[in-house]
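Asks: Output the structure for:
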Amino acid sequence: MVKLFHPAALAGAGNSAVSVPAGIPVRPAKPRDHAALAVLAAASFAQGAAALLPAGLRARADAARFEELFATGGPLLLAGPRALPWGCILAEAAPPGAATARLTGLWVAPAATGQGIGSALLAALEAALASDGVTALRVRVPSGHLRALGLFRRRGYELQAAGRRAEPVLGVTLPHSVLAKALARDLDRDAA
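Replies: Model prediction:
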């Protein structure tokens, strides 16, 4: 396995690991959570995707950019305690009745990686979207971000395309892989 690190993430993350319980709590984020989630997302981005960027772009991926992104709306979920969250996931706000939703980003605190937080967040978002009638979820992953690509592949996402796409945080065009997954509806809930 390849693990990507950016010096800024290592400097800001500390060396203390987070102990995550087996049942990872996931819930919708509130506007008051945005500042803490923006700091978490910036640290996660610095550890992962930023390592693939030219040095001049790395510094632009600060917490303020993530806070702006979170303010645009769309489902935003967080994992862990509100005071010190372990991760968050954001999807674009889809128009009512849209069949396909698009994942904006998935970020896990550097000290909490490898403990199932990304999978728990992704599963919760998939379930929420499916219950709203969304039948598929698409995600853009920076090409070369092997950890993220592995997560989505393990969760059943299939490669749809590769090429240059707009990166939502920095607003620049970068090489990305596009993956998608059909979402299963909860038939028991629909029958009730």
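
Asks: any idea how far residue 175 is from the residue nearest to residue 73 when sequence neighbours are not counted?
Replies: Setting aside the residues directly before and after it, residue 73 is nearest to residue 93 in space (C-beta to C-beta, 6 or more residues apart in numbering), at 4.4 Å. In short, each C-beta sits where N, CA and C put it, glycine included. Look at residue 93 and residue 175: by C-beta to C-beta, to the nearest Å, they are 26 Å apart.

Asks: next one: residue 70
Replies: Residue 70 is 25 Å from residue 175, by C-beta to C-beta.

Asks: More neighbours: which of these two?
Replies: Neighbours were counted for residue 70 and for residue 175 using other C-beta atoms under 10 Å; residue 70 has more, 22 against 13.

Asks: Can you list the buried residues in the one helix or strand that one maps to?
Replies: Element membership of residue 70, judged by DSSP states H and E, is helix 63-71. By neighbour count with 16 or more other C-beta atoms under 10 Å, helix 63-71 contains the buried residues 63, 65, 66, 67, 69, 70.

Asks: Could you pull out the strands in the chain for me?
Replies: 26-28, 76-79, 87-91, 100-108, 136-142, 158-166, 173-182 (DSSP state E).
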